[in-house]
Structure formats: structure tokens, C-alpha cells
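Student: can't give you the sequence, but here's the structure:
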């Protein structure tokens with residue numbers, strides 16, 4: 001079985017395998033079932049493209065899930081740099097500014113190498129990162145601008161996380177940066 005999922009996916013696959021084992025399924029039946037599982041796209045799905053680990057977490061976002069994704073990327077083994085490409089988080093209401101600032105400060109505390117925000121509301125994320133921080137922060141107004149910069153600044157060994165609310169359409173930035181093969 002070729003694994004290209006996330007840490008969370010592994011946990012749930014192990015739970016499913018344990019449940020199958022407890023129900024009396026043979027290990028071959030469990031393996032077959034796991035191989036046939038189709039996961040929802042955009043949920044911490046990892047793919048290696050030209051030596052770069054692309055982490056697609058574009059399904060949706062809120063401050064808790066953004067922080068969890070940042071912690072996940074910070075904990076992954078990496079021979080290059082760690083990038084977080086982040087879009088706005090929708091439906092936060094009065095908590096919007098505070099939530100975006102919290103995400104930026106988390107990325108700075110984790111010492112990610114570079115945080116790229118895309119779109120007007122997402123600028124609050126990179127604005128929250130201190131100019132003197134280890135973490136480089138950049139903001140782009142469009143998916144095309146962000147993708148152009150990322151294509152020329154990422155290299156084999158890097159990890160690049162893409163995350164934002166559905167309205168942010170971060171999969172566009174990801175697909176422009178790393179076109180589907």
C-alpha cells in the first residue's frame with residue numbers, strides 16, 4: 001500500500017484496522033479495505049512534487065485548525081524550509097481580526113521559515129509577524145502573484161502548506177504553484 005495521507009489519516013486508518021480486527025476480519029481484508037478508501041480532498045493530504053512536500057489542507061479553516069496545521073508542518077522532518085501559504089478564515093465575525101493575528105503569532109512562535117498570506121483579509125496573518133522575527137512574512141493580493149513568487153522561491157527539500165477557508169480558494173494558489181500532474 002502506498003501512503004500519501006496525513007498524520008491524522010494514519011490515526012483514523014489504525015482505528016479502522018483495529019475495529020476490523022476486533023470484528024474478526026483477516027489482515028488481508030483490512031488491508032484491502034484501507035486500499036479502497038477514498039478520502040475527502042484538501043484535508044492535510046501530502047504529496048511530493050519535484051522534491052517538495054506539498055501539504056494540501058485547503059478544505060476549510062478556522063483559528064484552531066490553522067494552528068493545528070502549522071504545528072503539524074513544524075513537526076515534519078524537513079531538509080529545506082517550511083512555508084505556510086495561508087488565506088482568510090471566514091465566518092469568524094467579531095473574532096476575525098483576533099483569529100488572524102493569533103495564526104500569525106503562532107507561525108512566528110513555531111519559527112516557520114516563511115508565511116505567505118493571500119487576499120485582503122489574510123494580510124492580518126502576516127501583519128502580526130514581527131519584522132525582526134526569524135519567520136519571513138509576505139502578503140500577495142492574488143493567487144497568481146503568490147504562485148509566481150512561490151515557484152521561484154521553493155526548492156527540493158521544502159515543505160509547503162496551503163490552508164484557508166473555502167472562500168479563500170487556496171487550492172488555486174496551490175494548483176498554480178504546483179500544477180496537477
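Tutor: Noted; the coordinates are in hand. For clarity, every value in this text was computed on a predicted model and none was experimentally measured.
Student: ok, residue 124 touching residue 102?
Tutor: No - look at residue 124 against residue 102 with CB atoms under 8 Å: they stay out of range, at 9.7 Å. Glycine gets a C-beta too; all of them are placed from N, C-alpha and C.
Student: So for the chain, which residue is the most central one in space?
Tutor: Among the residues of the chain, the one closest to the centroid is residue 161, at 3.5 Å (CA atoms, centre = their mean).
Student: mind checking how far that one is from residue 107?
Tutor: 10 Å (CB to CB, to the nearest Å).
Student: Touching both of these two, which residues are there?
Tutor: Residues touching both residue 161 and residue 107 (CB atoms under 8 Å, 6 or more residues apart in numbering) are 70, 84.
Student: Do me a favour and average the pLDDT over stretch 74-81.
Tutor: Per-residue pLDDT over stretch 74-81 has a mean of 94.
Student: Name the nearest residue to residue 173, sequence neighbours excluded.
Tutor: Among residues not flanking residue 173 along the chain, residue 143 sits closest, at 4.4 Å (CB to CB, 6 or more residues apart in numbering).
Student: Do you know the pLDDT at that neighbour?
Tutor: Reported pLDDT for residue 143: 96.
Student: wait, doesn't it sit right on residue 168?
Tutor: No - when contacts are counted by CB under 8 Å, residue 143 is not listed as touching residue 168 (9.3 Å).
Student: before we move on, the earlier item: for the residue nearest to the centre of the chain, give me phi and psi.
Tutor: Backbone torsions for residue 161, taken as degrees, to the nearest 10, come to phi -90, psi 130.
Student: before we move on, the earlier item: the more surrounded of residue 143 and residue 168?
Tutor: residue 168 (25 against 22; other CB atoms under 10 Å).
Student: doesn't residue 100 make contact with that one?
Tutor: No - counting by CB under 8 Å, residue 168 stays clear of residue 100, with 11.5 Å between them.
Student: Now for the two: what residues contact both?
Tutor: 88-89, 122.
Student: do you know how far the residue nearest to residue 173 is from residue 84?
Tutor: Residue 143 is 16 Å from residue 84, by CB to CB.
Student: Next, count neighbours for residue 60.
Tutor: Residues near residue 60, counting by other CB under 10 Å: 17.
Student: Confirm it sits in a helix?
Tutor: No - counting by DSSP: H, G, I helix; E, B strand; the rest coil, residue 60 is not found in a helix; it is coil.
Student: quick one: the strands in this structure?
Tutor: 45-49, 52-57, 82-86, 114-118, 136-140, 159-163 (DSSP state E).
Student: quick one: the helices in this protein?
Tutor: Applying DSSP state H to the chain gives helices spanning 7-22, 27-36, 63-75, 96-109, 123-127, 143-153, 170-177.
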